[in-house]
Every structure is written in C-alpha cells, then in structure tokens.
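Visitor: coordinates only, sequence not included:
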C-alpha cells in the first residue's frame with residue numbers, strides 16, 4: 001500500500017484497504033477521545049470491486065474547525081498538515097519517503113463538500129452501472145496521466161459532479 005508521489009496506477013485490494021482504514025480510524029478515535037467526530041472511509045478504496053490508487057482517503061466531519069484545532073499539535077507528529085480554509089478543508093497526509101498512504105480530509109460536517117464525498121461513495125456502493133462507468137473513466141485517466149496525479153484527479157470531477165447533480 002502507498003503510492004509514489006505524482007504517479008498513478010490502480011489496484012483492487014478492497015479487503016486490505018478496509019482493514020487499513022479501520023486501524024487508522026481506531027488511532028484517530030483515540031486522539032479525538034474528547035470529541036465524537038464522524039470518521040468515514042471515502043474515495044475509491046471504500047468501494048468494493050472498484051480499482052483505486054493505493055491511497056486510503058478518510059473524511060472527518062467536524063462541527064467546526066474551532067473544535068478540531070486543539071488536535072493539530074498532536075496530529076502534526078503523525079501527519080503533514082495542510083490548512084486550506086478557502087476550500088473548507090484541513091488535509092492530513094501520511095507519507096513515508098516519497099510514498100503517500102493516507103489523505104485525511106477534515107471538513108465541517110455541514111459543508112456541501114463533506115456531504116458530496118459521502119453521497120458519491122454511497123452511490124457507487126449501490127449502483128453497478130455508475131460504478132462500471134466510473135471505473136472505465138479511472139482506467140483511461142490512469143493510463144493517460146500515469147505521471148500526473150493532479151490531472152488524473154481533476155479529470156474525474158466532471159463525471160462526479162454530473163452524477164451528484166442527477167441524483168440530488
């Protein structure tokens with residue numbers, strides 16, 4: 001598990017990713033023992049039968065960043081922290097060397113971005129047709145952008161937004 005920075009390749013290891021998510025969630029719950037944040041497995045590694053980059057995405061829904069900021073010092077020992085309040089997000093990245101293992105998106109729970117992450121995951125879990133179309137798109141983009149993770153990710157946005165628009 002882990003992806004060398006800026007590379008894109010897909011694997012299908014759902015059982016391993018599910019286990020790794022559970023272990024990381026347990027660690028996070030211990031850190032957040034004073035607060036009951038929602039910790040969700042999101043992204044393609046959260047979907048059975050879907051190929052994904054070997055990076056586990058986690059969404060943490062928080063009431064506000066004020067509730068969360070008291071944990072930043074403790075988290076900075078485990079993750080790279082990138083604060084991006086313009087996008088309503090604090091990103092926690094777990095890396096070793098030039099490999100990324102976890103992307104943890106801390107987002108206010110009432111934010112549309114958080115709701116969309118959960119909604120898209122849930123749509124893929126129940127709709128085989130959308131799942132197959134999304135996987136074909138991911139495979140094509142992984143081949144096209146094998147050395148440009150940013151373009152790979154950006155190029156999926158229109159599909160994701162269209163699915164979310166049509167199911168709301």
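Guide: Looks like it came in fine. Remember, predicted model here, so these are calculated numbers, not experimental data.
Visitor: Quick check: most distant residue from the centroid of the chain.
Guide: Within the chain, the residue lying farthest from the chain centre (Cα atoms, centre = their mean) is residue 34, at 23.8 Å.
Visitor: Spell out which residues sit in contact with the closest residue in space to residue 7 that isn't next to it in sequence, please.
Guide: Leaving aside its chain neighbours, residue 7 sits nearest to residue 147 (6.1 Å; criterion: Cβ to Cβ, 6 or more residues apart in numbering). (C-beta placed from N, C-alpha, C; glycine too.) Residues counted as contacts of residue 147 (Cβ atoms under 8 Å, 6 or more residues apart in numbering) are 6-8.
Visitor: Provide the secondary structure category for residue 147.
Guide: coil (DSSP: H, G, I helix; E, B strand; the rest coil).
Visitor: I'd like the mean pLDDT over the top strand by length along the chain, please.
Guide: Longest strand in the chain by number of residues (criterion: DSSP state E): strand 99-108. Mean pLDDT, strand 99-108: 94.
Visitor: got it, and stretch 40-51?
Guide: pLDDT averaged over stretch 40-51 gives 96.
Visitor: Buried residues, the helix or strand harbouring residue 153. List them.
Guide: Assigned by DSSP states H and E, residue 153 belongs to helix 149-154. For helix 149-154, a neighbour-count test (16 or more other Cβ atoms under 10 Å) marks 149, 152 as buried.
Visitor: Starting from it, tell me the next helix or strand along the chain.
Guide: helix 157-167.
Visitor: Give me the contact list for that following helix.
Guide: 116, 119-120, 123, 130, 133-134, 137.
Visitor: what stretches of the chain score poorly on pLDDT?
Guide: Along the chain, segments meeting pLDDT under 70 span 1, 3, 168.
Visitor: if you set the cut-off to 80 instead, what comes out?
Guide: 1-6, 85-87, 167-168 (pLDDT under 80).
Visitor: Tell me where it has helices.
Guide: For the chain, applying DSSP state H gives helices covering 14-31, 65-69, 72-75, 112-126, 128-144, 149-154, 157-167.
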